[in-house]
Structure formats: C-alpha cells, structure tokens
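Student: Generate coordinates for the sequence data below:
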Amino acid sequence: MHFAQWHCMDSLPEIFHVQFLDGRKGYAGRADFALEQPEIRRLCHLLHQDVNASLIEQTGRMLGAPKRLYFDIIKSDHVNASSKACSDELYLIGVTQAMVSRVREVLLHLTSQEHLYSVLRIDASPADPADDSGHSVHQELRDQLFLLVFLFATNHELGHHVHGHTSVVGSALESEGLNGLKTSQIRQAMEVDADGYAIFASLNTLYSPEWLQKLADLFPQGASERAGIERMWMLMVFLAAAVYLDANAPKDVNWKDMGATDYPPYFLRLEYLLGHIEGWCDLNRPHLAHVLDGSTVKTLLDLASTAWVSENENREITLAKELSRSDESSYHKHIEDLQAWRHAVRETLKPHVWIVRGYAGADTT
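Tutor: Below you'll find the predicted structure:
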C-alpha cells in the first residue's frame, strides 16, 4: 500500500500504532504518556519534535524516489529501538517507552558526576543553582545528551532502512540465511553498517550551523570559542553513542564462536564507531580527527558504563567484563569474518540501498 493510500485512512501516529502492535517483540503500539510524570512527558515531547525535525532534514539528503520518515515512541517494557518499512514511501522508526525512561535515569546519574564537566571543559558544576527561568547547566546538559542518545539510536534504525535491511529481501535474509551464513552473522553485519550510517548522519546534524549555535547559546562560558564547541560536540556524540550501545550489551562474549549472537561484541562496535568517526572527520572536519584520543575515550567509556549501574545492581563495567577473557587471535579472526559477512550482505542488498548525499553507503568501511 502506498503512503498516499495510508494517509487517506489514518494519521501517522495511528499508522505507527498499528504497525507496532507486535506480540512477539512485546510491542503494544504507540505509547501514551498522558499518565506519566511531567518530566517524562516533557522529554518525550522534546524527543518527538527534535528527532522528527532531524529526519525531515535528512530526507533532503536522500536521492531517488521520495521517502517519508516518521519517528514515535513504542509502548513496551523492553529497552529497545526498531524500524519498519511500512510501504515503498513510508518508513517508521521507534524507541520503546522503557528505553526513554531508562535513558533518563542513566543520564541523571551521568550528569551528576563532576568529572563529566571537566572532561567536556564546561565551566559549571552539577550543583550550580538554576537561573531565574528555572533552567540550570545540569538540566541543559542532560537534555542535550538525552537528544543525542536518541538521535544516534534513531539514525541507527534509519541506517537499517538506508542499507536495505528492512526491504523484503533484507528481511528474508535475517530469517532464511544467505549462502551458508547464519542469521546471527547476517545480523552482526547489519548492525555494524547501521552504526556507520548513524554516526555519519548524527555528525552531519550536529555540525550544522544551527546546532553549533545552539550549543554556544547553552554554554556561553568555558566553551564559547568555536573550536571548543566543536570539540565538545564530538565528545558528547561519542558518549551518547556509547550509552546507547551499552544499553543492551551482552554480559559475556563467547570467544569460541563470536558470531553466535545477534549483536557484535560491545568493544568491537565501539572500535568500528571510532573508525566511522575518523572517516567522517577526514571528509568534513580533519582538525577533529584526534579529539577522541585513547585516554579521553577510556574516560568517556568509564563514565558511560558506570552510569548504567543502579543501586540494586551488581554489574561490572561491560567493556572490562567483555575483555576479561579476551583472545586476540579469535578477535582478529572475527573481524576478518565480519568483513566477509558485510561484503556478502551488501552485494545481495545492493539494489535496495538508498543513495544518500554525503554518505558513501556500501563503500563505507
């Protein structure tokens, strides 16, 4: 059914509700936050407005047949994000109600740490009082990181659309396999490629004049110079991506068969993420290529990982736990295997890949 036919029947929220009524995944349609606490309603309104605005901006980068993108929030207790191809023209992206609430909790913990402000070079403290309008640097930073987490998450889901993963052929690959590849191997290839699109699309948005000015307005002290603002955005987007990837990171890695799970190991996704960021910098901001040096990355990952720990959990830092039984030869072998899986999936889905201005698509490594 074409979008024009859908549009005659239902509004986009109604279409979204119907498409995400999926008992297998625990989805119960579109979330209704009317009964939620005011802070969650405020954040959901902010999220819905800004992410859809970002998707509209990204639509202008897509060449070929026109596409309609719509983002909303799924009623579900699972911490997850999802994407669906509704028609040849309408593509849906959603994050779950539980993910919104959980990320808020994590960022409350993260932005209460003094060390975060020194790493970002923000001349402020989480203990600073609010101004006359009721806003504080603490709240503004939390809101910006909240949007960045979901900007990356929804761009990741959009990346599945862009790479043809949600096409009829792409969906069949996940359920039926491909030339001897297991569905878990196909899924790992797809996740890495979706991460690649997510970082390119997110950085394109963040380094637009409008977003750079937004950050300058929010933090006029300590990061007022353009170079300081650009550095801060780079650290914040990596931190937001790490928070998102840590949400469902597996607790242990099967070093004997690293392709046995649907998601690549957390540390491998982070390594690819840094490679994607470096690739974007080479094309657009060469002077930022070395902002994420080893010590800075470690600091940000420590902040992100500890933020997911709640008072009732005894959870080790995910990255440390994954590496505790590391096998270097198995790791390098897995990278070689993953490259081969990505090539096989890309070749099969090449006719279904979207052409996006400023993104190399299937040629991006």
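
Student: Confirm Y70 sits in a helix?
Tutor: No. The assignment for Y70 by DSSP: H, G, I helix; E, B strand; the rest coil gives strand, which leaves it out of any helix.

Student: What is the neighbour count of it?
Tutor: Per other Cβ atoms under 10 Å, the neighbour tally for Y70 reads 20. Bear in mind the C-beta positions are built from the backbone N, C-alpha and C, glycine included.

Student: Would you pull up how far the longest helix along the chain lies from the middle of the chain?
Tutor: In terms of residue count, the longest helix belonging to the chain (DSSP state H) is helix 137-162. Relative to its chain's centre, helix 137-162 lies at 6 Å (Cα atoms, centre = their mean, to the nearest Å).

Student: After that helix, which helix or strand is next?
Tutor: Along the chain past helix 137-162, the next helix or strand (assigned with DSSP states H and E) turns out to be helix 168-176.

Student: Convert the helix or strand immediately after that next one in the chain to PDB, retaining C-alpha atoms only.
Tutor: Reading on from helix 168-176 to the C-terminus, the next helix or strand found by DSSP H and E is helix 183-206. Taking C-alpha atoms only, helix 183-206 is exported to PDB below (Å, rounded to 0.1, in the frame of the first residue of the first chain):
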ATOM      1  CA  THR A 183      21.200 -15.300  10.700                       C
ATOM      2  CA  SER A 184      23.300 -14.100  13.700                       C
ATOM      3  CA  GLN A 185      26.200 -13.500  11.300                       C
ATOM      4  CA  ILE A 186      24.000 -11.500   9.000                       C
ATOM      5  CA  ARG A 187      22.600  -9.500  11.900                       C
ATOM      6  CA  GLN A 188      26.100  -8.600  13.100                       C
ATOM      7  CA  ALA A 189      27.000  -7.400   9.600                       C
ATOM      8  CA  MET A 190      23.800  -5.300   9.500                       C
ATOM      9  CA  GLU A 191      24.400  -3.800  13.000                       C
ATOM     10  CA  VAL A 192      27.900  -2.600  12.100                       C
ATOM     11  CA  ASP A 193      26.600  -1.000   8.900                       C
ATOM     12  CA  ALA A 194      23.700   0.700  10.700                       C
ATOM     13  CA  ASP A 195      26.100   2.100  13.300                       C
ATOM     14  CA  GLY A 196      28.200   3.500  10.400                       C
ATOM     15  CA  TYR A 197      25.200   5.400   9.000                       C
ATOM     16  CA  ALA A 198      24.100   6.500  12.500                       C
ATOM     17  CA  ILE A 199      27.400   8.300  13.200                       C
ATOM     18  CA  PHE A 200      27.600  10.000   9.800                       C
ATOM     19  CA  ALA A 201      24.000  11.200   9.900                       C
ATOM     20  CA  SER A 202      24.300  12.300  13.600                       C
ATOM     21  CA  LEU A 203      27.500  14.200  13.000                       C
ATOM     22  CA  ASN A 204      26.100  15.900   9.900                       C
ATOM     23  CA  THR A 205      23.200  17.200  12.000                       C
ATOM     24  CA  LEU A 206      25.400  18.200  15.000                       C
END
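
Student: Only the buried residues of helix 183-206, if you could.
Tutor: Buried residues in helix 183-206, defined by neighbour count with 16 or more other Cβ atoms under 10 Å: 184-206.

Student: follow-up on the earlier one: quick one: average confidence on the longest helix of the chain?
Tutor: For helix 137-162, the per-residue pLDDT values average out at 92.
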